[in-house]
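**Q** Return a 3D structure for these sequence lines:
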Amino acid sequence: MPQFWNVLKGDMSLVGPRPLYMAQVEEWNEYQRQRLLVKPGLTGLAQIRGRGSLTVEEKLELDVEYVHKQSLLFDLRIIWETFFSLFQTENIYEKRYSKEQETRKMGK
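**A** Okay, the predicted model is just below:
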């Protein structure tokens, strides 16, 4: 519920790239940084197109796709599909962090 409070305050939107740690930004290329052009959201393309089966690179690709395609109709479609994904149990847990890393590095 804290994230819903952030939506009400205007810090987040219902649909958009999921919030990530700002420390990760230095790992992104310029194309991937386009995800920062929109507010983070409670749900997004990665949540309806693979969830835990996606690598961080694939999630960033979907985030940038959202930035380029965002519209009210697109947001409504994502919300609709999110509702149905809530009842699915596959791909809930992260299988692989990235193409090169099995798990997320904690610290430098």
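
**Q** State the distance from Ser13 to Leu72.
**A** 12 Å (Cβ to Cβ, to the nearest Å). (Each C-beta comes from the backbone N, C-alpha and C, glycine too.)

**Q** make that Gln47, sorry
**A** Counting by Cβ to Cβ, the gap from Gln47 to Leu72 is 18 Å.

**Q** Neighbour count: those two, which is higher?
**A** Gln47 (21 against 8; other Cβ atoms under 10 Å).

**Q** shouldn't that one be in contact with Thr82?
**A** Yes: the pair Gln47 / Thr82 is scored as a contact, 6.0 Å apart, by Cβ atoms under 8 Å.

**Q** Quick one: end-to-end distance for stretch 5-17.
**A** Terminal residues of stretch 5-17 are spaced 17 Å apart (Cα to Cα, to the nearest Å).

**Q** quick one: buried residues of it?
**A** By neighbour count on 16 or more other Cβ atoms under 10 Å, the buried set for stretch 5-17 is 6, 12-17.

**Q** go on, stretch 17-36?
**A** Buried, per 16+ other Cβ under 10 Å, within stretch 17-36: 17-18, 20, 28, 32, 34-35.

**Q** which one of the residues you listed is nearest Leu86?
**A** Arg18 (14.9 Å; Cβ to Cβ).

**Q** before we move on, what SS does that closest one have?
**A** Going by DSSP: H, G, I helix; E, B strand; the rest coil, the secondary structure assigned to Arg18 is coil.

**Q** Distance check, it against Glu57.
**A** In terms of Cβ to Cβ, Arg18 sits 15 Å off from Glu57.
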